[in-house]
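**Q** Based on what follows, work out the 3D shape:
(2 chains)
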Number of protein chains: 2
Amino acid sequence: MKKIINKPEDVVDQMIDGLIFGSEDLIERIPGTNVILNKQLSKGKVALVSGGGSGHEPTHAGFVGPGMLAAAVCGQVFTSPAPDQILEAIKQADQGAGVLLVIKNYSGDIMNFEMAEELAAMDEIEVDHIVVDDDIAVEDSTYTAGRRGVAGTILVHKIIGAAAESGLSLKELKALADQVIPSIKTIGVALSAGTVPESGKPGFELEDNEMEYGVGIHGEPGYRREPIKPSREIAEELTDQLRKAFQWKAGDCYGILVNGLGATPLMEQYIFANDVAQLLKSEQIELPFRKIGSYMTSLDMAGLSLTLIQLKDDHWLDWLNAPARTTAW
Amino acid sequence: MKKIINKPEDVVDQMIDGLIFGSEDLIERIPGTNVILNKQLSKGKVALVSGGGSGHEPTHAGFVGPGMLAAAVCGQVFTSPAPDQILEAIKQADQGAGVLLVIKNYSGDIMNFEMAEELAAMDEIEVDHIVVDDDIAVEDSTYTAGRRGVAGTILVHKIIGAAAESGLSLKELKALADQVIPSIKTIGVALSAGTVPESGKPGFELEDNEMEYGVGIHGEPGYRREPIKPSREIAEELTDQLRKAFQWKAGDCYGILVNGLGATPLMEQYIFANDVAQLLKSEQIELPFRKIGSYMTSLDMAGLSLTLIQLKDDHWLDWLNAPARTTAW
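**A** Numbering: from 1, shown residues only, chains lettered A, B, ... in the order given. Now for the predicted structure:
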């Protein structure tokens, strides 16, 4: 394992300190926890809290700040944060209008976030939650019943975060999320696995000329291995899967996120984005929102994912474009 | 070689189209060239133009936009752009107050940018240039006489770009750069080499347990190979080199940039930043400006670099913090 770290068991703790060091004006660490808190919480507005296992940086802590998350809870690598940490985030984030938890669909996360929600209810904090399950690659998976939550989660952070900032109630935000989440779909491809520091070995093995479609962000199995193809053919495969899932027609309006998985440089992300852009243009899909970069990673996994969100309401685009002040958006 | 690309000879062309696709509101490609132009040029202000070989994304094109570069010229991978392309960038960028070229110190870049400068003078465009040579690892190198220009270049883009936006003349900007550039020093470490698409092989070989201090952003040799060390020890080595170069004393004021080289995830960058932060704190160095991320990369090289800028003038910090609207800052 070749990583710039100290002791593997200290990576999350030290990573959080490094993140805070870089963005001290924006965020702070709640002492004694792995909770990152927005320093400028909006009084009287619903607070969005997310989190999950670490190893997906800049997700989620990089999206804490005005206009997005009020707090993020960092678990150990690929491990859900414990309920007491999530509860602490809820307590500190609440500004009197309640807290909405954004959970990626993994069994451990759901269990722990729901437990924290129950504990918060005992403290008379109004809490609800939404579950993101945008990965269309496979039904059920290693750590999931149903579909996995992956890169589309950051679009949920952005839209629901901006809507919260605009003053929507907890009930309204939950109803909005029930519309937004099923409108987001993601599919990815991996060229190599990430290595969890404590294990020291790649999460799975691919041959030198192999890639795998549909791998999860913890290295969960995908749906097909093939010899590596040109970007254009990868774009065709992923776009085909999304077309089947969305059943789009000419003139439909989408936002697009091309997401690097950790070790894939921008050059490759841009080349792939260009291929997808041409395919969607040929189908007369409108793309008024576009984002390219490494936002939902899997440690040092090489590969990328493609997310589309069908923009069914003009507000969604406004909220995607609304100002946000975070480390990573 | 495992890369998400199409034909190796097309990577730069297709990458540019992908970049533009993602940021069409901000930037455009001058047709028939590899020049990326700011869509909102500031009339009557000096235009900053940079460029160089590709493979360092998001540098330089990601820094085109209001408050930073007026234009960037993308050469082929690790290859200087030709003078005619640079000339085109100068012509399109000029808004009547002249053009300042920001050149990284590589022999090919200097030759081609200076040639373009002479050609522009024939067209009666006022042009001057500045040369960034922030890498303190080695004197002279594979493609360089003197020191190499590396990640510190983006701080030059930011400070000089904001100063240009504030209305400084070409002469004043050149004088400012003469103060700023010697105040920026960078040193890096590589864990693995990047692979140029057209060659298909890593630029150099490191053993599974090896790292190399001072490697250049084109894989130029560094100053020492060692078995890989913990982040804290790497931070000590790089900080020691910077201390020798700056001869700082307690209370001195610096900006810091921790830069990933392409395949190194944010987790490792944050951990390393935290180690450097502690070392500099113990020496009572003030760090009012901090930036962490992959800004000056070397394709899929793993590793990172550490840049410090001594903030000798309050304006420099103001300019670092001034608003800029670009793809990557």
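
**Q** mind listing the helices for the stretch 101-250 of chain A?
**A** Using DSSP state H, counting those that start in this stretch, the helices assigned to the stretch 101-250 of chain A run over residues A:107-122, A:153-165, A:170-180, A:231-246.

**Q** The third one: which residues count as buried?
**A** Right, helix A:170-180. The neighbour-count criterion (16 or more other CB atoms under 10 Å in any protein chain shown) identifies A:170, A:173, A:174, A:176, A:177, A:180 as the buried residues of helix A:170-180. In this view, the C-beta of every residue, glycine as well, is placed from N, C-alpha and C.

**Q** Go ahead and confirm the second one touches residue A:99.
**A** No: between residue A:173 and residue A:99 there is no contact, the gap being 10.3 Å when judged by CB atoms under 8 Å.

**Q** joint contacts of the two?
**A** When CB atoms under 8 Å, 6 or more residues apart in numbering or on different chains defines a contact, the residues bordering residue A:173 and residue A:99 alike are residue A:46.

**Q** What parts of the stretch 101-250 of chain A come near chain B?
**A** A:189, A:191, A:192, A:208, A:209, A:211, A:228, A:230, A:231, A:232, A:234 (CB under 8 Å from any CB of the partner chain).

**Q** Give me the residue at the spatial middle of chain A.
**A** Taking CA atoms, centre = their mean as the criterion, residue A:153 is the residue nearest the geometric centre of chain A, at 3.6 Å.

**Q** and the gap between that one and residue A:47?
**A** Here residue A:153 is placed at a distance of 17 Å from residue A:47 (CB to CB, to the nearest Å).

**Q** ditto for residue A:257
**A** Plainly put, residue A:257 is 24 Å away from residue A:47 if you go by CB to CB.

**Q** of the residues of the stretch 101-250 of chain A next to chain B, buried ones?
**A** Applying 16+ other CB under 10 Å to those, the neighbour count classes A:189, A:191, A:192, A:211, A:228, A:230, A:231, A:232, A:234 as buried.

**Q** Neighbour count: residue A:257 and residue A:47, which is higher?
**A** A side-by-side neighbour count of residue A:257 and residue A:47, using other CB atoms under 10 Å in any protein chain shown, places residue A:47 first with 28 against 24.

**Q** element containing the closest residue to chain B within the stretch 51-200 of chain A, please.
**A** Using CB to the nearest CB, the closest approach of the stretch 51-200 of chain A to chain B is made by residue A:57 at 4.0 Å. Under the assignment given by DSSP states H and E, residue A:57 is not contained in any helix or strand.

**Q** Now do residue A:149: how many residues are near it, please.
**A** The criterion is other CB under 10 Å. On that basis, residue A:149 has 28 neighbouring residues.

**Q** who's in contact with it?
**A** Each residue near residue A:149 by CB under 8 Å, 6+ apart is listed here: A:103, A:104, A:105, A:106, A:131, A:132, A:133, A:134, A:135.

**Q** can you pull up the bridge partners for the first one?
**A** Taking DSSP bridges, one obtains residue A:131 as the residues bridged to residue A:103.

**Q** Pretty sure it sits against residue A:115.
**A** No: between residue A:103 and residue A:115 there is no contact, the gap being 11.7 Å when judged by CB under 8 Å.

**Q** neighbour-wise, which of those two wins?
**A** Neighbour tally, residue A:103 and residue A:115, criterion other CB under 10 Å: the higher count belongs to residue A:103, 25 against 15.

**Q** Next up, the contacts around that one.
**A** A:50, A:52, A:109, A:110, A:113, A:129, A:130, A:131, A:132, A:149.

**Q** gap between the fourth one and residue A:141?
**A** Applying CB to CB, one obtains 13 Å for the distance of residue A:110 from residue A:141.

**Q** Skipping adjacent residues, who's closest to residue A:219 in space?
**A** Distances taken as CB to CB, 6 or more residues apart in numbering or on different chains put residue A:203 closest to residue A:219, at 3.2 Å, once the chain neighbours are dropped.

**Q** Count the neighbours of that neighbour for me.
**A** 20.

**Q** What pLDDT is listed against it?
**A** Confidence at residue A:203, expressed as pLDDT, is 93.

**Q** Dihedrals phi and psi, it?
**A** phi -70, psi -20 (degrees, to the nearest 10).

**Q** Quick check, it in contact with residue A:221.
**A** No: contact criterion CB under 8 Å: residue A:203 and residue A:221 do not qualify, at 10.4 Å.

**Q** Show the residue spans covered by the strands in chain A.
**A** Listed in chain order, the strands of chain A (DSSP state E) span A:27-29, A:35-38, A:47-54, A:71-77, A:99-104, A:127-132, A:184-192, A:210-213, A:224-227, A:253-260, A:286-293, A:302-310.

**Q** hang on, the earlier thing: check contacts around the residue nearest to residue A:219.
**A** With contact taken as CB under 8 Å, 6+ apart, residue A:203 is in contact with A:193, A:194, A:195, A:196, A:218, A:219.

**Q** hmm, which of these are the buried ones?
**A** When burial is judged by neighbour count using 16+ other CB under 10 Å, the buried members of the contacts of residue A:203 are A:193, A:194, A:195, A:196, A:218, A:219.

**Q** Which one of these is nearest to residue A:70?
**A** Top of the list for closeness to residue A:70, among the buried ones among the contacts of residue A:203 and by CB to CB, is residue A:218 at 25.7 Å.

**Q** Excluding chain neighbours, what is closest to that closest one?
**A** Per CB to CB, 6+ apart, closest to residue A:218 is residue A:78, 4.9 Å.

**Q** ok, now which ones touch that neighbour?
**A** Residues touching residue A:78, when contacts are defined by CB under 8 Å, 6+ apart, comprise A:53, A:54, A:55, A:196, A:218.

**Q** phi, psi of it?
**A** With angles defined as degrees, to the nearest 10, residue A:78 shows backbone torsions of phi 60, psi 30.

**Q** pretty sure residue A:156 contacts residue A:178?
**A** No: with contact taken as CB under 8 Å, residue A:156 and residue A:178 are classed as non-touching, separated by 11.4 Å.

**Q** Need the overlap of contacts for those two.
**A** residue A:130.
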